[in-house]
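*Asks:* Prediction below, plus the sequence it came from.
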Amino acid sequence: MNTESFLDELSRLYPDEKLLTKPAQLVTYESDALTSYQVRPMAVVLPETQEEVIQTVRLCHKFEIPFVARGSGTSLSGGSLPVTNGIVIALNRLNKIIEIDPKIRIATVECGVVNIDVSLAAAQYGLYYAPDPSSQLICTIGGNLAFNAGGAHCLKYGMTSNHVLGIKAVLPDGEVVEIGSASLDSISPDTVGLFVGSEGLFGIALEVKLRLLPKPEAYRTVLAAYPSLEAAGNAVSMVIAAGLLPGAIEIMDELAIEAAETAVQAGYPRDAVALLIVELDGETEIVDWEFASLMEVIEESGAGEIRVAENDEQRLQIWKGRKSAFSAVGRISEDYLVQDGVVPRSKLSHALGEIERLGDQYNLRVANVFHAGDGNLHPLILFDGRDPANLENAEVLAGEILKMCVNLGGSITGEHGVGVEKLEYVPTMFEDADIDTMIAIRREIDPGELANRGKLLPFDK
Amino acid sequence: MDNGYLEELGTKIQTGNNLLAFGGQTKSALLAKDGITALDIGKISGILEYLPDEYTFTAYAGTSLYTINQMLAEHDQFMPFDPPFIERGGTLGGTVASNLNGPGRFRYGGVRDFILGVKYLDYQAKLVRSGGKVVKNAAGFDISKLMVGSLGGLGAMIELSFKVFPKPPEYRTVISRFSTLEELLDTLVNLTANSIELFCLDIEPASEVYNLTIRLGGIPDLFPKRIERLKQFVGDIEILEGDHERSFWDEINEFSWVPEDTLLIKVPITPSSVETLDDFLSKNEIQRRYSVGANVAWIAWSKPVDIIDKHLKKIKLAGLTILGQTDQIRLGFREPDIFFQRIKNALDPIGKWVEI
């Protein structure tokens, strides 16, 4: 590794304003949304074209310099944490929506395009892009793809991987490949499915073909207050047992409600211990029929206050509180860790009870916001970052929660990815043979482990 | 499962070469003929776990689709990707390996969208797991998706976990006739940009006309209003319901329309490429269907295979032979797939499995 020569060549590729090397310029890139981890990179580059990205990766390969691709830095698992002596390739400027083809319902976009902008561009054709992570106003498609981002509507619509049809990528050695196609079907092994969620270890997706769906013509969004999390969890089971397939089923606990109210005044009932949000979407006739069934279930489920959004404004108000919950928790605690484990839906109540018990045991407050429809928990562990012992305690608690999820038959991550944060818990979910296989794939694609080193898989070069 | 049989498979993997796993042997063209070491996964069958409240099940790869369908039907659930060859004895593993989806793929997605996890025997006969059993999971490389369409060339699948959905209580099918494919495609594009929930959207070229067959699922009381709405797009229609409706789609899904002495070829297409392909097929008087909203062509090819191979190359489409006797499984346009080749090198470094 010859850093000086590398930087020299890099400076021939980028003008000064697009090659950041001064400490003050690098601070912004030292961490992503997992702010408790910070690493200062050697440099940050701000490419504006796919060719610049390709040339940058080729330079990194030539000089054996590790690189980290970064979009808006919203990863909650440290997915875009820089590597010491490595560079960050910041991709926000690769933000062209190359084509929206309404005939085949596909958007072809560059990796730096913001998630919501795909739906905004597709709206003129009555189409939209379904995956809607909470950060969809700022997170990018490249980041969504790398971490297989989810959102509130995964039970019915799936995750990012269910909506990516094709990828043009630069592999870590600079080779450019195109995988997948514009067709929904295929006759080859699903390499697109493998690439999505690979956490940047296979290189950088430059251009992505996304499947668009017709925008649902009707929504019915119901907010119900419950005296306990268990009661809200039971209501979810009743909704599923009724054979309904809502677009979204979400639950927030008391602390999360308080945070959301403090931050965005969503108008949630302040006296609720748990809030359930259920949203039906689709064809008007069907949604109206399902809504009648849903209301029967909710009324039988022991809910206190029940609110039904009567218009788009009220619907967005309900979602405003939920979607801002993570950042809202910042109002009641400057420091917090967000966990992302998954449990079988029927074990939600048990899992929440355990989280409460663990919180008491570690003397830490935990707010719960979760995608109840698919068992994806988001416990937010509040701690005092000024006290290293408190942070350590929070991390231990987070680990206990992840182990519990695996023991209940679930996963350590539903949509945030492993990143650096959950690295040590990978062996709780996978056997040696499983991990060895993933390492073998990684090494075949990237023998030097240059691409997003230290994420998802242990680095032991 | 009999552990002894797993050991037997392990020994075959360690000692054999050109390994190929198979299940119900329903996709005749995909069964390699000579010089292979056959691994009969059909012997590994049975449901391991079915959790209706979770919308998930786990079964051995050799479990028949029929068994799974029966089990799901008891709880009014189904595999929305509508796997073909249920009556012929198709298995879950075979469906994954060949990535076969029925017309119902249109509504919610294909095998790739419902597979949650896999356990497979690798080139060293080690049992490797990827994915999980819960409906949402982002941990690790998703090798279970990679297995979709792998044609037995990456390992022998032993166990598979899937997501399922509640099944609509009833269906109706609406058939509309168009004098040209172009006219039909205009309607199809309008329909697919609309939020009417369509379970199947198939095109059936018939004598002098093109039929657009649309399947709706849901509550019987809602059908009249929904069908009226459909008429605004498609004009005059014929409506199928009840047993007749069910057998209409069952026959399509069993490919009983494909004559025995022909090859069944699958070609992924788009609504933009279907017309070019159809020009060629109609001139050659070939039976065919376009399924999943014109995203896949099913072709009953009755002429020398090199003719369609050459034409697919010309129009830059690729095909896979599913049924029939031929040495040419892959047809048409193929570019070197560098990314897949590296994955193959990683998962099969000593070339144990059949070439795919």
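*Replies:* Received it, and whenever you're ready, just let me know what you need.

*Asks:* Number of residues surrounding residue A:311?
*Replies:* Residues lying near residue A:311 (other CB atoms under 10 Å in any protein chain shown) number 9. For every residue, glycine as well, the C-beta is placed using N, CA and C.

*Asks:* Can you report phi and psi for it?
*Replies:* Main-chain torsions, residue A:311, degrees, to the nearest 10: phi -150, psi 180.

*Asks:* again, but for residue B:7
*Replies:* phi -70, psi -40.

*Asks:* Can you tell me the number of residues neighbouring it?
*Replies:* Residues near residue B:7, counting by other CB under 10 Å: 11.

*Asks:* now the one 4 residues further on
*Replies:* By the measure other CB under 10 Å, the count of residues near residue B:11 is 11.

*Asks:* did I read that right, it in a strand?
*Replies:* No: using DSSP: H, G, I helix; E, B strand; the rest coil, the assignment for residue B:11 is helix, not a strand.

*Asks:* and residue A:138, what does it touch?
*Replies:* Residues counted as contacts of residue A:138 (CB atoms under 8 Å, 6 or more residues apart in numbering or on different chains) are A:72, A:74, A:114.

*Asks:* repeat that with 6 Å
*Replies:* Going by CB atoms under 6 Å, 6 or more residues apart in numbering or on different chains, residue A:138 touches residue A:72.

*Asks:* For it, grab phi and psi.
*Replies:* Torsion angles, degrees, to the nearest 10, at residue A:138: phi -130, psi -30.

*Asks:* Quickly note the distance from it to chain B.
*Replies:* 20 Å (CB to the nearest CB, to the nearest Å).

*Asks:* now residue A:285
*Replies:* 5 Å.

*Asks:* buried set for the helix or strand hosting that residue?
*Replies:* Per DSSP states H and E, residue A:285 falls inside helix A:284-300. Within helix A:284-300, the residues scored as buried using 16 or more other CB atoms under 10 Å in any protein chain shown are A:284, A:285, A:286, A:287, A:289, A:290, A:291, A:294, A:295, A:297, A:298.

*Asks:* Assess the claim that residue B:333 and residue B:313 are in contact.
*Replies:* Yes: Residue B:333 lies in contact with residue B:313 (CB atoms under 6 Å); the separation is 5.1 Å.

*Asks:* Averaging pLDDT per element, find the lowest-scoring helix or strand in chain A.
*Replies:* helix A:325-332 (a mean of 83; mean pLDDT, DSSP states H and E).

*Asks:* Please put the alpha-carbon coordinates of the helix or strand just after that one into PDB.
*Replies:* Per DSSP H and E, the first helix or strand lying C-terminal to helix A:325-332 is strand A:335-338. Provided in PDB are the C-alpha atoms of strand A:335-338 (Å, rounded to 0.1, in the frame of the first residue of the first chain):
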ATOM      1  CA  ASP A 335     -27.700   8.800  23.000                       C
ATOM      2  CA  TYR A 336     -29.500   5.600  22.000                       C
ATOM      3  CA  LEU A 337     -28.800   2.300  20.200                       C
ATOM      4  CA  VAL A 338     -31.400   1.000  17.800                       C
END
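
*Asks:* now residue A:107, nearest residue through space, not along the chain?
*Replies:* residue A:210 (4.6 Å; CB to CB, 6 or more residues apart in numbering or on different chains).

*Asks:* Can you give me the distance of the residue nearest the centre of chain B to chain A?
*Replies:* Nearest to the mean C-alpha position of chain B, counting by CA atoms, centre = their mean, stands residue B:100 at 1.4 Å. As judged by CB to the nearest CB, residue B:100 and chain A stand 10 Å apart.

*Asks:* Tell me where the stretch 51-200 of chain B has helices.
*Replies:* Using DSSP state H, counting those that start in this stretch, the helices of the stretch 51-200 of chain B run over B:65-73, B:92-98, B:105-108, B:111-114, B:143-147, B:181-192.

*Asks:* chain center to the fifth one: distance?
*Replies:* Relative to its chain's centre, helix B:143-147 lies at 15 Å (CA atoms, centre = their mean, to the nearest Å).

*Asks:* Need the residues that contact that helix.
*Replies:* Residues contacting helix B:143-147 (CB under 6 Å, 6+ apart): A:189, A:190, A:193, A:194, B:96, B:112, B:115, B:117, B:118, B:130, B:131.

*Asks:* Also the third one?
*Replies:* Residues outside helix B:105-108 that contact it (CB under 6 Å, 6+ apart) are B:80, B:81, B:199, B:200, B:201, B:292, B:293.

*Asks:* Also stretch A:41-57?
*Replies:* A:13-14, A:18-21, A:29, A:82, A:85-90, A:93, A:170, A:174, A:204, A:206.

*Asks:* Report the buried members of the residues you listed.
*Replies:* The buried subset of the contacts of stretch A:41-57 (16+ other CB under 10 Å) comprises A:13-14, A:18-21, A:29, A:82, A:86-90, A:170, A:174, A:204, A:206.

*Asks:* And the least confident helix or strand of chain A, how far out from the chain middle?
*Replies:* 17 Å.

*Asks:* Give me the buried positions along it.
*Replies:* Those would be A:325, A:326, A:328, A:329, A:332, for helix A:325-332 by 16+ other CB under 10 Å.

*Asks:* now these as a markdown table including distance to residue A:226?
*Replies:* Output for those, formatted as a markdown table (distance: CB to CB, whole Å):
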| residue | distance to residue A:226 |
| --- | --- |
| A:325 | 17 |
| A:326 | 22 |
| A:328 | 20 |
| A:329 | 20 |
| A:332 | 21 |
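
*Asks:* Thank you, goodbye.
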